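Engineer: pasting the sequence and the predicted coordinates here, then a few questions.
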Amino acid sequence: MSAIASLEPKTVWEIFDAITQVPRPSKREGKIIDFLIAFAEKHGIEYRKDATGNIVMRKPATPGYESRPAVILQAHMDMVCEKNSDVEFDFDEDPIRTRIDGEWVKAEGTTLGADDGIGMAAALAVLVDPASEHGPVEALFTVDEETGLTGAFGLGEGMLEGKYLINLDSEDEGEIFIGCAGGVDTVATFRYATEEAPKNYAYFRLGVSDLVGGHSGDDIDKGRANSNKIAARLLWEGMQSFGLRLSCFDGGNLRNAIPREAYAVFGVREHAKDEFLKRFRLFAEEVKAEFKFSEPKLELSLVELPSVDTVLDAASQRALVYALVGVPNGVIAMSQAMPGLVETSTNLASVKFVGDGRIVVTSSQRSSVESAKTYVMRMVESVFALAGADVVHSDGYPGWAPDPQSKLLAVTKECYRERFGVEPKVRAIHAGLECGLFLEKYPGLEMVSIGPTLRGVHSPDERLEIATVPKFWNLLSDVLKRIR
């Protein structure tokens, strides 16, 4: 057990500590599924697993609460697996190395997995804490929330019986979420041929690194830089003035993360080398000044290489770079219904040379307005299609429309006010939650989403504020006692 297991509330932290020892990448949740089944069997808890891999555990009401309605506690099993490039770590095998850093719990150079490991821990603690009082409880743990909402899409028929659902996947203590954006992925595939790298060229490796990154929903409005866009900007300038020829480009990894790193290998005409180096230094100064508030650690590096073997054919290079520069990225519109809420956005998530004459560019679009989601998806598709790429979309997922008249919301607000003496904020979130899909399958559900405070989610800077975990736990316990 690590140092975090001694924090309070002890049951929650001990379970979270145990969860961090179990590898659980998205789409490879076998080990955490085994952990959950072993947990249920150890504590004599009834459980059921559906064909998708989702698990529901059921605990009867505590004495005196038998007439209360059943409440569903929901969290997802998987975690985003991001690490710093200088960190050796195998997310399929290695336990997360947690540490206490002042007021926060963090991991050593990787994502922490508190999204949504702390939600799982709270749900499991309700099932085993002898002091917990509640009506019938169902704890639903879904697979692959982070890369496709696969568990919510594939939730087995009849898995749930509860009337109320508390999603435990929010990241701001003191805020109650009652709505979320829907989303869709747009994937563009460029095909290219290679040519022998031209002679009399100087070749370089461009690196864009140390960006903040973050969640492409929650953090899209924070003005953070996108490593793919920065790299593409320099390539565009190099093509105009220095005869730049591109050999490869790699940036970003996850569809739902703002990309933090990118690199490109290219050449410029040898006789223009000194002038290009001057332009690069000026470019680096300009970009750092542009993002000085949101990206204080931004680094741009340029390393000269002896040579390269091949470059892209000129037409494919032009199509790719122009598309990367031209495709929209970031906030598209703010909500008119809820001031301060991002309504519509898009994120240029990753650019990958996959090694068989294809370049795959992944982006994701989000909106709380279905028609706006469709429009921004078509906007992105149009740029890529005009550049000659083959474009496909994921199935997408629906948003969750707010219900300000919900009884569960009223009880949650009342419990927060009585426990902490202040009024909680009621919000919708621009990130995707599984709640919209649950509502499609169980239209009568009333739902809220709560959680402790997390920052830097989906990046190696992910951290969990220690003082907010007992507040999260106390609120959840109060709601379970109060709801009728």
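Structural biologist: Now that the structure is in, tell me what you want to look at.
Engineer: in which helix or strand does residue 161 reside?
Structural biologist: Secondary structure assignment for residue 161, by DSSP states H and E: no helix or strand.
Engineer: and it, what does it touch?
Structural biologist: By Cβ atoms under 8 Å, 6 or more residues apart in numbering, the contact list for residue 161 reads 70, 136, 138. Yep, even glycine has a C-beta here, placed from its N, CA and C like the rest.
Engineer: which ones are touching the closest residue to the last one other than its chain neighbours?
Structural biologist: Here the nearest residue to residue 138 in space, its sequence neighbours aside, is residue 72; by Cβ to Cβ, 6 or more residues apart in numbering that works out to 4.7 Å. For residue 72, the contact set (Cβ under 8 Å, 6+ apart) comprises 137-140, 160, 162, 164-166, 445.
Engineer: and which of those is nearest to residue 266?
Structural biologist: For residue 266, the closest of the contacts of residue 72 turns out to be residue 140, at 48.8 Å, with distances computed as Cβ to Cβ.
Engineer: how about the secondary structure of the nearest residue to that closest one once chain neighbours are set aside?
Structural biologist: Residue nearest to residue 140 in three dimensions, not counting chain neighbours: residue 74, with 4.5 Å by Cβ to Cβ, 6+ apart. Each residue gets one of three states, and residue 74 gets strand by DSSP: H, G, I helix; E, B strand; the rest coil.
Engineer: same deal with residue 475?
Structural biologist: Local secondary structure at residue 475 is given as helix here, using three-state DSSP.
Engineer: tally of neighbours for it?
Structural biologist: 23 (other Cβ atoms under 10 Å).
Engineer: how is this structure divided into domains?
Structural biologist: Using automatic domain parsing, the domain parsing of the chain gives 3-180+399-482, 184-393.
Engineer: so which residues of this structure form helices?
Structural biologist: All helices of the chain, identified by DSSP state H, fall at 10-20, 30-42, 114-128, 150-153, 227-241, 273-290, 314-326, 370-386, 407-420, 435-441, 468-482.
Engineer: between those, which one is closest to residue 298.
Structural biologist: The stretch from the helices of the chain with the least distance to residue 298 (Cβ to Cβ) is helix 273-290; that distance is 5.7 Å.
Engineer: still on that earlier bit, nearest to residue 223 among the contacts of residue 161?
Structural biologist: Proximity of those to residue 223 (Cβ to Cβ) peaks at residue 138, which lies at 40.6 Å.
Engineer: who's the closest one bridged to?
Structural biologist: On the basis of DSSP bridges, residue 138 is bridged to residue 58, residue 72.
Engineer: re the thing from before, redo the helices of the chain as TSV? Include mean pLDDT.
Structural biologist: As requested, the helices of the chain are exported to TSV (pLDDT from 0 to 100):
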stretch	mean pLDDT
helix 10-20	98
helix 30-42	98
helix 114-128	98
helix 150-153	94
helix 227-241	98
helix 273-290	98
helix 314-326	98
helix 370-386	97
helix 407-420	98
helix 435-441	91
helix 468-482	98
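Engineer: just name the most buried of these.
Structural biologist: Highest mean neighbour count among the helices of the chain (mean count of other Cβ atoms under 10 Å): helix 114-128, with a mean of 26.
Engineer: for it, the distance to its chain's centre please.
Structural biologist: A distance of 19 Å separates the C-alpha centroid of helix 114-128 from that of its chain, computed with Cα atoms, centre = their mean, to the nearest Å.
Engineer: same check on stretch 159-179?
Structural biologist: The gap between the average C-alpha position of stretch 159-179 and the chain average comes to 17 Å, counting by Cα atoms, centre = their mean.
Engineer: quick check: end-to-end length of that stretch?
Structural biologist: Counting by Cα to Cα, to the nearest Å, you get 23 Å between the two ends of stretch 159-179.
Engineer: what do you get for stretch 392-404?
Structural biologist: The distance separating the two terminal residues of stretch 392-404, taken as Cα to Cα, comes to 36 Å.
Engineer: now that stretch: mean pLDDT?
Structural biologist: In this model, stretch 392-404 carries a mean pLDDT of 89.
Engineer: and the residue nearest to residue 416 when sequence neighbours are not counted, how many neighbours does it have?
Structural biologist: With Cβ to Cβ, 6+ apart as the criterion, residue 416 has its nearest non-adjacent residue at 4.3 Å, and that residue is residue 424. For residue 424, the number of neighbouring residues by other Cβ under 10 Å comes to 21.
Engineer: let me know the pLDDT of residue 424.
Structural biologist: pLDDT recorded at residue 424 is 98.
Engineer: now for residue 69: which residues touch it?
Structural biologist: Applying Cβ under 8 Å, 6+ apart to residue 69 gives the contacts 135-136, 162-164, 483-484.
Engineer: what subset of the residues you listed is buried?
Structural biologist: Among those, those scoring as buried are 135-136, 162-164, 483 (criterion: 16 or more other Cβ atoms under 10 Å).
Engineer: what's the span of stretch 147-160, first residue to last?
Structural biologist: Span of stretch 147-160 from end to end, Cα to Cα: 23 Å.
Engineer: next, the buried residues of it.
Structural biologist: Those buried within stretch 147-160 under the rule 16+ other Cβ under 10 Å are 148-156, 159-160.
Engineer: ok, those vs residue 251, which is closest?
Structural biologist: Taking Cβ to Cβ as the measure, residue 251 lies nearest residue 148 of those, at 21.2 Å.
Engineer: which one is that closest one nearest to, not counting chain neighbours?
Structural biologist: Counting by Cβ to Cβ, 6+ apart, the nearest residue to residue 148 once its immediate chain neighbours are dropped is residue 394, at 7.2 Å.
Engineer: over to residue 13?
Structural biologist: Leaving aside its chain neighbours, residue 13 sits nearest to residue 7 (4.3 Å; criterion: Cβ to Cβ, 6+ apart).
Engineer: rewinding a little: can you add distance to residue 257 and give the helices of the chain back as JSON lines?
Structural biologist: JSON lines is the format used below for the helices of the chain (distance: least, Cβ to Cβ, whole Å):
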{"stretch": "helix 10-20", "distance to residue 257": "20"}
{"stretch": "helix 30-42", "distance to residue 257": "20"}
{"stretch": "helix 114-128", "distance to residue 257": "11"}
{"stretch": "helix 150-153", "distance to residue 257": "18"}
{"stretch": "helix 227-241", "distance to residue 257": "11"}
{"stretch": "helix 273-290", "distance to residue 257": "20"}
{"stretch": "helix 314-326", "distance to residue 257": "17"}
{"stretch": "helix 370-386", "distance to residue 257": "17"}
{"stretch": "helix 407-420", "distance to residue 257": "30"}
{"stretch": "helix 435-441", "distance to residue 257": "21"}
{"stretch": "helix 468-482", "distance to residue 257": "23"}
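Engineer: can you give me the strands in the stretch 101-250 of the chain?
Structural biologist: Secondary structure of the stretch 101-250 of the chain (DSSP state E, counting those that start in this stretch): strands at 104-107, 137-142, 164-167, 175-180, 182-191, 194-196, 201-209, 245-251.
Engineer: and the gap between residue 136 and residue 301?
Structural biologist: According to Cβ to Cβ, to the nearest Å, residue 136 stands 58 Å off from residue 301.
Engineer: ugh, wrong one, residue 30
Structural biologist: If you measure residue 30 against residue 301 using Cβ to Cβ, the figure is 39 Å.
Engineer: next: residue 76.
Structural biologist: 36 Å.
Engineer: of these two, who's got more company?
Structural biologist: Shown here are residue 76 and residue 301; by other Cβ under 10 Å, residue 76 has more neighbours (30 against 13).
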